[in-house]
Each structure stands twice: as structure tokens, then as C-alpha cells.
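[1] quick one, fold the following:
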Amino acid sequence: MKTLMTGAGIAAHILALAGCNSGGYDQPANLCAEAGTRCVSVPVRDLLAVDGDTFELRRLNARGGEERVRLRLIGWDSPETGDAARCPEEDALGQKTEARARALFSAGSKVTFLPEGADQYGRTRAHVYLDGTHVGWLLSKDGLARPLEEGRQVDWCG
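    Residues are numbered from 1 along each chain as shown. Sure, this is the predicted structure:
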């Protein structure tokens with residue numbers, strides 16, 4: 001027997017299939033869980049999601065002033081917002097990504113990251129984990145981040 005789907009039924013079916021895919025990416029290992037790895041742990045309240053692949057660590061420096069350090073997620077890309085977005089669709093998806101990253105951080109308790117030098121913009125390149133799970137992978141489950149080959153950019157407009 002054939003079942004005829006309505007527009008709403010088709011949309012629900014597509015969303016269900018998308019949810020089953022979960023981005024299709026394997027969860028990266030937590031490098032900070034490996035013995036001898038020198039990672040930094042901070043309360044989640046000290047980290048702000050700038051977008052899905054850039055975060056800002058706010059902490060007190062030795063003089064008692066606030067210091068801000070930008071972290072760039074290694075190996076993952078998320079859509080840009082504003083002038084950095086290549087199309088209106090990327091901007092809208094970027095805003096959704098930023099909101100989702102902030103929601104993830106507000107629900108978490110600890111951020112751990114493994115820094116690996118700086119990028120061309122002076123941001124600290126890092127593997128970032130929220131309560132032990134890679135942030136890029138968490139966002140990819142919602143289609144808001146993708147693995148990235150270094151030096152390349154994902155086309156969020158296509």
C-alpha cells in the first residue's frame with residue numbers, strides 16, 4: 001500500500017533523515033584525555049562563542065585586568081556571519097550556529113582545549129572540548145560545522 005505524504009509530512013521526513021545522518025562525521029578522540037597532554041581547562045563561563053569555530057577566552061591577567069584570547073578550532077569550519085558571509089544563506093546559518101554554540105556552552109560546565117600555535121589572524125589554534133566532547137563535532141551533528149582541510153574554506157552557499 002502506498003502512502004501519500006503531505007507537504008508537512010515530506011518536511012518532517014526530510015528532517016528525520018537529516019537527524020539520522022548527524023553530519024556523518026566520526027566523533028574525534030579527546031586529545032586532552034591522553035596521558036601527558038598539556039591542555040588548558042576553564043569554566044564554561046569564561047568562554048564566549050564568537051561563531052561556530054572561533055571562541056574568546058576571557059580571564060584575569062597578573063595585573064588584575066581582563067585578558068581576551070581568541071581560539072580558532074582546528075580542523076573544523078562553520079558558516080560566517082555579517083560582512084564575512086559570502087551569501088545571505090551563509091549569514092543566516094552562521095547566526096544559527098553562533099546561537100547553538102552559545103546554547104551548548106550554557107548547558108556545559110567545563111571547556112578543555114589543546115593549543116597548537118597561532119593562525120594568520122593571531123588567534124590561538126586549538127582542539128576545543130566541551131565536557132570532553134569536541135565542539136566541532138557537536139555542531140556538525142546539527143549541520144552547523146564540517147571537517148576542514150587546513151588552508152581551505154567550506155562553501156556554505158552551494
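
[2] buried residues in the top helix by length along the chain, which are they?
    Counting by DSSP state H, the longest helix found in the chain is helix 88-107. For helix 88-107, the buried set under the neighbour-count rule, 16 or more other Cβ atoms under 10 Å, comprises 90, 91, 93, 94, 96, 97, 98, 100, 101, 104, 105. (Each C-beta comes from the backbone N, C-alpha and C, glycine too.)

[3] check contacts around the second one.
    Spelled out, that is residue 91. Residues counted as contacts of residue 91 (Cβ atoms under 8 Å, 6 or more residues apart in numbering) are 79, 80, 81, 82, 85.

[4] can you check the fifth one too?
    Listed by Cβ under 8 Å, 6+ apart, the contact set of residue 96 reads residue 144.

[5] any idea how far it lies from residue 145?
    Counting by Cβ to Cβ, to the nearest Å, the gap from residue 96 to residue 145 is 11 Å.

[6] and if you look at the third one?
    Here the criterion is Cβ to Cβ. By it, residue 93 lies 10 Å from residue 145.

[7] please apply the same query to the last one.
    For residue 105, the distance to residue 145 under the criterion Cβ to Cβ works out to 14 Å.

[8] what comes up buried for stretch 129-140?
    Applying a neighbour-count criterion of 16+ other Cβ under 10 Å, one finds 129, 130, 134, 135, 136, 137, 138, 139, 140 buried in stretch 129-140.

[9] same list (the buried residues of helix 88-107) but as CSV, adding distance to residue 28.
    Below are the buried residues of helix 88-107 laid out as CSV (distance: Cβ to Cβ, whole Å):
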residue, distance to residue 28
90, 24
91, 27
93, 22
94, 22
96, 22
97, 18
98, 21
100, 18
101, 17
104, 16
105, 18
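
[10] and those residues, which is closest to residue 73?
    Nearest to residue 73 out of the buried residues of helix 88-107 is residue 101 (Cβ to Cβ; 10.0 Å).

[11] report the contact partners of the closest one.
    49, 51, 52, 55, 78, 135, 139, 144.
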